[in-house]
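Q: I'd like to go over a predicted model; first the sequence, then the structure.
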Amino acid sequence: MDFFANLFAGFQTALSLHNVYLCFIGCLFGTMVGVLPGIGPLAGISLLIPATYGIDATGAIIMLAGIYYGAMYGGSTTSILMNIPGESASVMTCVDGYQMTLKGRGGAALFISAWGSFIGGNLSVLGLMILAPLLAAFATRFGPPEIFAVLVLAFLLLGSLGTGSFFKTMPMILLGMFLGTIGMDPLTGTLRFTHEIRDLYDGIGFVPVAMGAFGIGEILSSTERSLVRLIHKVKFRQLLPTRQELRASVGPILRGSGLGFVIGLLPGSAHVLSSFVSYAVEKKMAKNPEEFGTGRIEGVAGPETANNSATGGAMIPFLGIGIPTGPATAVMMVALMIHGIRPGPLFISEQPQIFWGLIASMYIGNFILLILNLPLVGIFLNLLRVPFRILFPLILLICLVGTYSVSSSTFDLIVLLGSGVLGYIFRKLNYDLAPFILALIIGPLMEYSFRQSLMRSAGSFSIFWSNPITLTLFGGSCLLFIWNLISSLRPTKSTWKKALEEG
Amino acid sequence: MKKEHTAGLIFLLVGIYGLIYSSQLPLGKWNEPGPGVFPMILAILLVLSGALTMVARIKEEKVKEKASWREFLRPLITPSQIFLLTIAFILSLERIGYLASSLLYLLILFIWVCRYRLPLAMGMAAGFGLGSWYLFVKILGVQLPLTVTALGL
């Protein structure tokens, strides 16, 4: 009964005029962010954080979550109509989506993509509202050693499942964690790596680093190249899919919902991974897999559903135990912390109006997005007509003002620019920045739990394997590390080929 | 220098910096780990991964061995212009106020980087500068430096 009473109360919160308005703004901004290549959900959320200062925590998280899942909807539009992924999770949609556009079925691809996103999004919210409270109840048994073990496993999973290789991701995680140690030590008050710079006493701000690495870094790297954009127009009546297309998309949508939700629970680039896995599964299950890449509706329905479904899954560790598994959820956590609320195992029981209000708003948001992404698709495509050389100075200015408004400090602007340069360099070097940001945000929690565990055990490391939970988690971490080590040492097919050719 | 070498060098240098400075922090004992322990562990791991990245060349990348300096520097021109202008904006923000600094910043960006003609650049800079000021200060209530302190106003 509690469950339905809570959900009812959540809808009462979410359906207030103010919160519906914030949800709409979040979804609208999220769709714009998704449509525009180069600005991902993370940059979008970071940009709107300053706008949440004047509103309550419930309204703030409703709006920011709207950007998060709204970007997943918007990303498919440019993938299908222009062969340009609006954000990284829509890369797979380009393969068959654009081919459908060339065949004159772009409208149907957009419809199925939005419909699949709607189904996947709603099913994942259902999973979120059932699983997050259960996980939170289980996580109340977690002490510092368990949290440390979870984080070690999370970082190793991040390294294994990230977009780059394990040995490219791990140094980025270490770099992020190292930057996270700058500032005052929370246990002893000792200043670390501050070099008597007052602005560093509180550590390096997450917002300027995230905005700089993703926002400014992307602008710097985009100004190196120019994009020639060919926009295919879609009329409203062309949006309707045929009966055959509808029938063919039912299976991929249902499978994509399940796959996306489960993969969303994992740390790392869950959205990207879920769409890749979904595409691979659909191709494997198809009667004629060779037709994939030529404009199959299954190649659009599966990945698009999966990347939307992953958003609900990704919210579970963040809301249930306070451990974000991706940079976007990590920045949302920072936004909640700015409002004086820290997600953790007690978050759902102590702040039910925020949690259930958010859940209800996600149902409302999915409905708003369905309307925004079908009849109004043409309006968003017009955004792409704005030349990049007008758009980027504006984005730069918004990043600068957004950062300044957090702390009114020009030092944070320097951090923003420095992070932008860092982001630009690592982009050029083909290193993924998401693990770096995530490690910067949750690294301090890892250090805190590590030191507290050792204090509790009087310096004995056996605390990390003395109970079944930590033993299982560390066992999993060891296996994962060994597996990564072996797979990186094993010669690849191309190495064998090269060796055979040479010898 | 190959991409892996550059990345490895960055990790190595950060790691060495971390090692030097964390060794100056109290390390404590295992029953009460000091503030230097965790950064030192991270620094050691960074040094190791930096060295490994440089030596192992995880993935061979095809880089033009004899790319000319001009070819290397050309793509860096626009990002460098943006970087310099942004530095100038940051330094001037609290001295001449948001309105003046944003107008100048946008104007120079539109002329120097985006190559718009002066009248159009002035119009766009004025529109976006004033628009952003109205949005952030008047609507969102963001506190921005608005006085021209350099002139004592």
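A: Good, I have the coordinates. Values in this document were obtained by computation on a predicted structure and should not be read as measured data.

Q: Now do the biggest helix by length in chain A: distance to the chain's middle.
A: The residue-count maximum for a helix in chain A (DSSP state H) belongs to helix A:106-139. Put simply, helix A:106-139 sits 14 Å off its chain's centre (C-alpha atoms, centre = their mean, to the nearest Å).

Q: how about low-confidence regions in the chain?
A: As the question left the chain open, I've gone with chain A. Residues of chain A meeting the criterion pLDDT under 70: A:1, A:37-39, A:84-88, A:161-164, A:225-239, A:268-269, A:380-384, A:490-503.

Q: hm, I was asking about chain B
A: Using pLDDT under 70, chain B drops low at B:1-2, B:57-67, B:140, B:147-153.

Q: Centroid-nearest residue for it?
A: With distances taken as C-alpha atoms, centre = their mean, chain B has B:Phe83 as the residue nearest its mean C-alpha position (7.7 Å).

Q: In this structure that residue contacts A:Ile219, no?
A: No: between B:Phe83 and A:Ile219 there is no contact, the gap being 10.6 Å when judged by C-beta atoms under 8 Å. Every residue, glycine included, has its C-beta placed from N, CA and C.

Q: who touches the residue lying farthest from the centre of chain B in this structure?
A: Of all residues in chain B, the one whose C-alpha sits farthest from the chain's mean C-alpha position, using C-alpha atoms, centre = their mean, is B:Asn31 at 39.5 Å. Counting by C-beta atoms under 8 Å, 6 or more residues apart in numbering or on different chains, B:Asn31 makes contact with A:Leu454, A:Met455, A:Ser457, A:Ala458, A:Gly459.

Q: Spell out which parts of the stretch 51-200 of chain A neighbour chain B.
A: Along the stretch 51-200 of chain A, the residues adjacent to chain B under the rule C-beta under 8 Å from any C-beta of the partner chain are A:51, A:53-54, A:165, A:167-168, A:170-171, A:174-175, A:177-178, A:181, A:185, A:187-188, A:190, A:192-193.

Q: again with the stretch 201-350 of chain A
A: Taking C-beta under 8 Å from any C-beta as the contact definition, the stretch 201-350 of chain A meets chain B at A:Ile216, A:Ile219, A:Leu220, A:Ser221, A:Thr223, A:Glu224.

Q: any chance of those residues in JSON lines, with secondary structure too?
A: JSON lines is the format used below for those (DSSP: H, G, I helix; E, B strand; the rest coil):
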{"residue": "A:Ile216", "secondary structure": "helix"}
{"residue": "A:Ile219", "secondary structure": "helix"}
{"residue": "A:Leu220", "secondary structure": "helix"}
{"residue": "A:Ser221", "secondary structure": "helix"}
{"residue": "A:Thr223", "secondary structure": "coil"}
{"residue": "A:Glu224", "secondary structure": "coil"}
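
Q: filter these to the buried ones?
A: In terms of neighbour count (16 or more other C-beta atoms under 10 Å in any protein chain shown), the buried residues within these are A:Ile216, A:Ile219, A:Leu220, A:Ser221, A:Thr223.

Q: isn't the last one right next to B:Ser80, touching?
A: No: contact status for A:Thr223 versus B:Ser80: not in contact, 10.1 Å apart, counting by C-beta under 8 Å.

Q: one step back: so where does the residue nearest to the centre of chain B fall, helix or strand?
A: Under the assignment given by DSSP states H and E, the secondary-structure element containing B:Phe83 is helix B:77-96.

Q: tell me which residues in that helix are buried?
A: Residues of helix B:77-96 classed as buried under the neighbour-count rule (16+ other C-beta under 10 Å) are B:Thr78, B:Pro79, B:Ile82, B:Phe83, B:Leu85, B:Thr86, B:Phe89, B:Ile90, B:Ser92, B:Leu93, B:Glu94, B:Ile96.

Q: For chain A, see how far away the second one is.
A: B:Pro79 is 4 Å from chain A, where distance means C-beta to the nearest C-beta, to the nearest Å.

Q: How about the third one?
A: When distances are taken as C-beta to the nearest C-beta, B:Ile82 and chain A turn out to be 6 Å apart.

Q: Surely A:Leu131 touches A:Pro317?
A: No: with contact taken as C-beta under 8 Å, A:Leu131 and A:Pro317 are classed as non-touching, separated by 10.0 Å.

Q: distance between the helix or strand that the longest helix of chain A is followed by and the chain's centre?
A: Once helix A:106-139 ends, the next helix or strand along the chain (criterion: DSSP H and E) is helix A:144-161. When distances are taken as C-alpha atoms, centre = their mean, helix A:144-161 is centred 18 Å away from the chain's centroid.

Q: and after helix A:144-161, which helix or strand comes next?
A: helix A:166-180.

Q: How about residues contacting the next helix or strand after that next one?
A: Secondary structure here is assigned by DSSP H and E; on that basis, the next helix or strand after helix A:166-180 toward the C-terminus is strand A:183-184. By C-beta under 8 Å, 6+ apart, the surrounding residues in contact with strand A:183-184 are A:Thr190, A:Leu191, A:Arg192, A:Phe193, A:Thr194, A:Leu200, A:Tyr201, A:Asp202, A:Gly203, A:Ile204.

Q: Give the partner strands of strand A:183-184 in its sheet and their orientations.
A: Based on DSSP bridges, the pairing partners of strand A:183-184 within the sheet are strand A:191-192 (antiparallel).
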